[in-house]
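**Q** Just a sequence and a predicted model for now, questions to come.
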Amino acid sequence: MREGSLEAPTRHPLDWQNPEFYDQAKVEKELGRVFDICHGCRRCVNLCTAFPTLFDLVDASATMEVDGVAKQDYWKVVDQCYLCDMCYMTKCPYVPPHPWNVDFPHLMLRAKAIKFRKGIRLRDRLLSSTDALGKLAAIPVVAQTVNAVNKNAVARAALQSVLGVHKDRELPPYTSERFRSNSAESGSFPVKDGKHAPGKAAIFSTCYVNYNEPGMGHDLLALLAHNEVPYVVVEKEACCGMPKFELGDLQAVDRLKRINIQVLAKHAREGYAILTPVPSCTLMFKQELPLLYPDDAQTLAVRDAMFDPFEYFVLRRKDGLLKTDFKHPLGKVSYHIPCHSRVQNMGQKTREILEAIPGTAVTTVERCAGHDGTWGV
C-alpha cells in the first residue's frame, strides 16, 4: 500500500439524498474507523480543536485507543469541526485516492446533518441565517439600533445569556447603505476576453459585503473599472449556503442553491467571470455545491465560471490585460490567508498582486483566525 500525498487528492460526491447518509449507526462506525486512523497519525493536531478533542478522549480512555472512547463522545469531536477543510487539503496523507479513503470534513458534515435533524440551538439557527438577519438589520432605523445594542455592555451581557454570543466578541456593524442598492454602474468598456479569463465580470456580492462591509464591494468594482472590465452585479441572490452547510442543514442549502444557481448559470452561459469577494462563498460554489450536485449541469457551469477576485486579476495579468502602473508603495504588509482561500488550490493570488506593487514587502499568516462559523462568537 502506498502512502498518500503522492498523488493529487480527489473528492467523492456527497450522497446526501440517500437515506443511508443519515444512518447514525453507520456514521458512528465510520467515525470510529477514521478516528482510529487519525489517532495513529496526529498530523492535524495543530489545525483546530476537533483533533485535540479527539486525542484527549483517546488518551484519557481505559485502552488509550479509539475503542476505549464512548460513542456518545464522538459527537464532542463533531461539534468542534467547522469544515475549514485544511486537514483534507494540507495535512492528511490518507485522502482519496489512498485506499483508506479518509475525508474527515465531509464525515463531520454527515454527522452534523444527523445532529441537525434531531434539533439545534436557536442561536445556531439564527446566526447561520445571514441573509435574513442582514435584511432585517440593514433597515435604516434598525441598523442604528442594532449597532448601538452591539456596543452596549448590558445588552451584550443579555445577548450572551439568551443566545450564547460572547459579550466581548466584536460584531460587525450593519449598514443601511447596502452594496447592492448603491453599487456604481459599469462603464461601457469593450469586452476583452483573454486566454485565461473572460473579459467581463458578474459580481455575487455576498451577505457580508451587502449588509456589513459594502466598501469591499465598491473597491472591487473600482478595480474592475480601472482595468476597463465591464461588470454587472448579479440581479438576484441569496446566501451562498455555507453557514447552513457548516450546520448540517442540507435542506436549507438546497433551497438557497435553487435561488442562486439559476441566476448565476445564466451569467456563466453568457461568458461572464463570476467573482465573489468572500472566500467561503467562492468555495461553496467552486467545491461544495458541485459535490452535492455532481450531475447538475448548471451547478458545474457556475463552478467553472467562479473566481476569487485576485485569482481573476492574476489571470488577467497573465493575459497582459491588467494595469500594473502602481503609483504608491505599500511598505510592509501582513496578509492573513483565509483557510477557505487556501483550500481552493489556486495559490496565494492576493499575495502575488501585492508583491507586484513596487516598494511592497508581504508577510503571510497561515494560521486559523479563530472565527470559523458560529464557533467564533
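**A** All right, it came through fine. Residues are numbered from 1 along each chain as shown.

**Q** Quick check: buried residues in stretch 16-29?
**A** The neighbour-count criterion (16 or more other C-beta atoms under 10 Å) identifies 16, 21-22, 27-28 as the buried residues of stretch 16-29. Just so you know, the C-beta spots here come from the backbone N, C-alpha and C atoms, and that holds for glycine as well.

**Q** Export these to JSON lines and append columns for secondary structure.
**A** Shown next, in JSON lines, are these (DSSP: H, G, I helix; E, B strand; the rest coil):
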{"residue": "Trp16", "secondary structure": "coil"}
{"residue": "Phe21", "secondary structure": "helix"}
{"residue": "Tyr22", "secondary structure": "helix"}
{"residue": "Val27", "secondary structure": "helix"}
{"residue": "Glu28", "secondary structure": "helix"}
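
**Q** Pull the most distant pair out of those residues.
**A** Trp16 and Glu28 (17.8 Å; C-beta to C-beta).

**Q** Pull the number of nearby residues for the nearest residue to Pro290 once chain neighbours are set aside.
**A** Spatially, and ignoring its direct neighbours in sequence, Pro290 is nearest to Arg303 (4.7 Å; C-beta to C-beta, 6 or more residues apart in numbering). Neighbours of Arg303 under the rule other C-beta atoms under 10 Å: 21.

**Q** and Arg303, what is it in contact with?
**A** 285-287, 289-290 (C-beta atoms under 8 Å, 6 or more residues apart in numbering).

**Q** Out of the buried residues of stretch 16-29, flag the one nearest to Pro230.
**A** Trp16 (37.7 Å).

**Q** Can you check the pLDDT for that closest one?
**A** pLDDT recorded at Trp16 is 97.

**Q** okay but it is in contact with Leu292, surely?
**A** Yes: in this structure, Trp16 is within contact of Leu292 by C-beta atoms under 8 Å, at 6.0 Å.

**Q** any shared contact partners between these two?
**A** Leu250.

**Q** Report the central residue of this structure.
**A** Ser280 (1.9 Å; C-alpha atoms, centre = their mean).

**Q** part of a helix, is that residue?
**A** Yes: when three-state DSSP is applied, Ser280 is found to be in a helix.

**Q** Okay, it and Asp249: tell me how far apart.
**A** 15 Å (C-beta to C-beta, to the nearest Å).

**Q** ok, now Ala238?
**A** 14 Å.

**Q** now swap in Glu65 and tell me
**A** Glu65 is 34 Å from Asp249, by C-beta to C-beta.

**Q** Neighbour count for Ala238 and Asp249, which is higher?
**A** Asp249 (23 against 16).

**Q** Just the pLDDT at that one, thanks.
**A** Value for Asp249, per-residue pLDDT: 96.

**Q** Same check on Gln24?
**A** pLDDT at Gln24 comes out at 97.

**Q** who are the neighbours in contact with it?
**A** Applying C-beta under 8 Å, 6+ apart, the residues near Gln24 are Ile114.

**Q** Now do the phi/psi pair for it.
**A** Phi and psi for Gln24, reported as degrees, to the nearest 10, are phi -60, psi -40.

**Q** The stretch 201-350 of the chain: helices as residue ranges?
**A** Using DSSP state H, counting those that start in this stretch, the helices of the stretch 201-350 of the chain run over residues 207-211, 214-226, 242-247, 250-269, 279-283, 289-292, 297-305, 309-318, 339-342, 349-355.

**Q** what helices or strands is the second one leaning on?
**A** Meaning helix 214-226. helix 179-182, strand 201-203, helix 207-211, strand 231-233, helix 309-318 (3 or more C-beta pairs under 8 Å, 6 or more residues apart in numbering; DSSP states H and E).

**Q** So which of these is nearest Ser188?
**A** strand 231-233 (11.4 Å).

**Q** List of residues touching the closest one?
**A** 180, 183, 186, 200-203, 205, 221, 224-225, 267, 272.

**Q** how close does Trp100 sit to Ala8?
**A** In terms of C-beta to C-beta, Trp100 sits 16 Å off from Ala8.

**Q** Who has more neighbours out of the two?
**A** The neighbour count for Trp100 versus Ala8, taken as other C-beta under 10 Å, is higher for Trp100 (14 against 8).

**Q** what's the domain layout of this structure?
**A** Domain ranges of the chain: 19-118, 122-163, 179-318, 331-376, per automatic domain parsing.

**Q** for these, which one sits closest to Arg169?
**A** Closest among these, using C-beta to C-beta: domain 331-376, at 7.2 Å.

**Q** where along the stretch 1-150 of the chain do the helices fall?
**A** 24-39, 50-59, 71-79, 86, 104-118, 122-127, 130-137, 140-150.

**Q** what separates the fourth one from the chain centre, distance-wise?
**A** With C-alpha atoms, centre = their mean, to the nearest Å as the basis, the distance from the averaged C-alpha position of helix 86 to the chain average is 12 Å.

**Q** residue furthest from the geometric center of this protein?
**A** The chain, farthest from centre, C-alpha atoms, centre = their mean: Ala62 at 38.2 Å.

**Q** so how many other residues sit close to the closest residue to that residue other than its chain neighbours?
**A** With sequence-adjacent residues excluded and distances taken as C-beta to C-beta, 6+ apart, Ala62 is closest to Gly68, at 4.8 Å. For Gly68, the count of nearby residues is 13 (other C-beta under 10 Å).
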